[in-house]
Each structure stands twice: as C-alpha cells, then as structure tokens.
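Participant: Pasting the sequence and the predicted model now:
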Number of protein chains: 2
Amino acid sequence: MTTTTDSTYSIGDFAKAVGLTAPTLRYYEAQGLIEPHRSTNGRRYYQENDVNWVKFLLHLKGTGMSISELKQYVLWRAEGDETIPQRLALLQKVKADFLVQFNEVQHHLQILNDKINWYEEKEAGVTDDPEDFATYLKRFGHHE
Amino acid sequence: MTTTTDSTYSIGDFAKAVGLTAPTLRYYEAQGLIEPHRSTNGRRYYQENDVNWVKFLLHLKGTGMSISELKQYVLWRAEGDETIPQRLALLQKVKADFLVQFNEVQHHLQILNDKINWYEEKEAGVTDDPEDFATYLKRFGHHE
DNA sequence: GGTTGACTTAAAGTGCACTTTAAGATGTAA
DNA sequence: TTACATCTTAAAGTGCACTTTAAGTCAACC
C-alpha cells in the first residue's frame, strides 16, 4: 500500500477496489481483458478509470458473457469507433440470450415457490388433505 | 423404441422425453438423483412419473441447486415425511440465494441495456454529443 | 443370419473460470 | 538491518457438470 495520493493502485489494492483477487486480475490480464501500466520495477499499477472498466466488465460477465466474448469485445474496442456495430451486435445477442435464460429461470423460481408453499401447507394442516404436488401445481396453472 | 403402450421408456426414449442425454441420465443415477427399474436383461427402464420427477429436479437445478444439494434433497425424500422440515429449509435457503442472484443479475441487465442504448444513440447522432458512458449512466441514476 | 443400432460398464477426457503452488525479487515498517 | 508482506512468473491443480471413449452384450429388422 503506497500512501501517495495520486490515485494509482497496486494489484492488491486494486483487487480490493473491484472485489476480485490479485490472481484473478492477472488471469484477466492474460486473457486480454485488462492492461495495467508497469512501474520501473516491473510491478503493475492501476488507475481510477480501470476501476470503472473492470466493474463494467463484471456487469457484462454477469449477464452471461464468457471470457472469450469479453475478449472479443475488448479487441473491437481497441480498434476504435468503426467497430461499434460489431460491439452493439454482440451486446444485443448477449441480451437476447440473457432474456431467454431470464424467463426460464423465472419459471424455475415459480415451481420452487410452489413447492415451498406446498411443503408449508403440508406442515400446517398435518393430518388431512393428501393432495400431491402435481395436482397442487395444476390448481395454479403451473405446468411441468 | 419398443412399441408397447405400457408407458415405460428405454433410457434413449426417456432422454428425449426429459430433454437430456442418456449419458447424463446415467450420471444423474450415479449421483443418486434417479433410480430407474431394470428389466430382466439388465437394461434400465423408466416410467411416466419419472418424467415428472426429472422435470422437477431440473427446475430445482435451474434455481441454482447443485448436484450434491439435489442429492441431499433426494436422500431426505427417501426418508419420508419426517424430513420435510429439512427439505423445506433447504428449499428456502435455495430461494434466498436465488433472490440475491436475481437482483444482481437484474442490475447487470440494466447496465447492459444502458450500454446498448448508449451505442445506439452514438450510432444515430453520429457527429455530435461526445457524452461518455459514465456520464450517460448518471443521467439515469444507474451507478457502477 | 447378418448387420445395425441401442444398450451395458468403468474410466478417462473436456471446458470453463479460476486457484494454488513454487521459487524468487523487492518494498515497507520496527 | 532484519523481518514480513507483497510483488513477479510459469505451470500445475481444482471443482463442477457433464461428455467421450473403449470394449463388449443384446435386440430388432431385412
């Protein structure tokens, strides 16, 4: 931890700032996602805008983009504004895939909720109502 | 494909019925998630209620449950109704974890959407407005 | 009756995204 | 100055959820 006020980060400090580990940052760098500067002694240092960049990468990653898709995105970005159509198309495809998954996962949640409610009702009224889960689901129009 | 109408499935037919592959079904069986019957020649066969069971497992899996959590669930299920509290607690924990992830992922989507819109606006009004993405985000109160 | 395709097992391989290890160099604090 | 934390690299290891391979058995169709 250098106590200079010039808003640069060692890899350890930067890792804390973005919520990753130093090895993960080196891994992302090896994959071409980040390119920190080096001080004269060969050590990496990161700057404030790198924080925003990594956080943005993590948002994209969180929508389902793989490391190799992120790498492609980064390569296009480095080429300049003429690759904006490619980047836009990639993000739109990521969004479309995401929305498909999102709908599926909401259905999974519905079934999970139904099962939890079914167990809770079974626990509450212990002695009667032997309705099974499949029948229970049908009462709500929740299929499969 | 046997053409008997007795609603039993070979592993291949069952795989198609539930949208998995035969090797995956054998893998799930090895993990203790399914227990098909065997015909006299040693071959697995599955029945109609196994379809519902696997589909339900896939819903739980889709909410984030790991194979080992599903296995624990299956073990408790085999013990009978006295393990309903444990099963309920597990599902409630799965749901809680799911909801945390769900909120995070919605935030990721918001940033992805903002970026797509930012690119689209940049593509539309080609020559003016050099507003950067960080500034753009702040206009909507979308942080990080 | 022969060929094709589906089944059986056990074990090894795959892909992804890290994580850990090893061995060494350097910076910081007491 | 000594000790300890942090950094460096390259390479090997991990965990999860399958997937593939190999070698063989068996059943149905022509």
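Facilitator: Right, received. Where do you want to start? Nothing here was measured: the structure is a model prediction, and the numbers come from that model. Numbering: from 1, shown residues only, chains lettered A, B, ... in the order given.
Participant: can you list the weak-confidence ranges in chain A?
Facilitator: Counting by pLDDT under 70, the low-confidence segments of chain A come to A:1-6, A:126-130.
Participant: residues contacting the residue nearest to the spatial centre of it?
Facilitator: Compute the mean C-alpha point of chain A, and by CA atoms, centre = their mean the closest residue is A:G62, 1.4 Å away. Contact analysis of A:G62 by CB atoms under 8 Å, 6 or more residues apart in numbering or on different chains lists B:E104, B:V105, B:H107, B:H108. (Glycine included, C-beta is placed from N, CA and C.)
Participant: can you tell me which helix in chain A is longest?
Facilitator: Ranked by residue count under DSSP state H, the longest helix found in chain A is helix A:84-124.
Participant: neighbours of A:A17, just the number please.
Facilitator: Per other CB atoms under 10 Å in any protein chain shown, the neighbour tally for A:A17 reads 15.
Participant: check which helix or strand covers it.
Facilitator: helix A:11-18 (DSSP states H and E).
Participant: for A:P36, what are its contacts?
Facilitator: A:I11, A:F14, A:E29, A:R44, A:Y45, A:Y46, A:D50.
Participant: Buried ones among those?
Facilitator: Among these, those buried by neighbour count (16 or more other CB atoms under 10 Å in any protein chain shown) are A:I11, A:F14, A:R44, A:Y45, A:Y46, A:D50.
Participant: what distance separates the start and the end of stretch A:77-89?
Facilitator: Using CA to CA, to the nearest Å, the end-to-end distance of stretch A:77-89 comes to 13 Å.
Participant: Check stretch A:18-35 too.
Facilitator: The separation between the terminal residues of stretch A:18-35, taken as CA to CA, is 15 Å.
Participant: Would you mind listing the buried residues in that stretch?
Facilitator: For stretch A:18-35, a neighbour-count test (16+ other CB under 10 Å) marks A:V18, A:L20, A:L25, A:Y28, A:L33, A:I34 as buried.
Participant: Check which helix or strand the nearest residue to the last one once chain neighbours are set aside maps to.
Facilitator: In other words, A:I34. Distances taken as CB to CB, 6 or more residues apart in numbering or on different chains place A:Y28 nearest to A:I34, at 5.1 Å, with adjacent residues excluded. Using DSSP H and E, A:Y28 sits within helix A:22-30.
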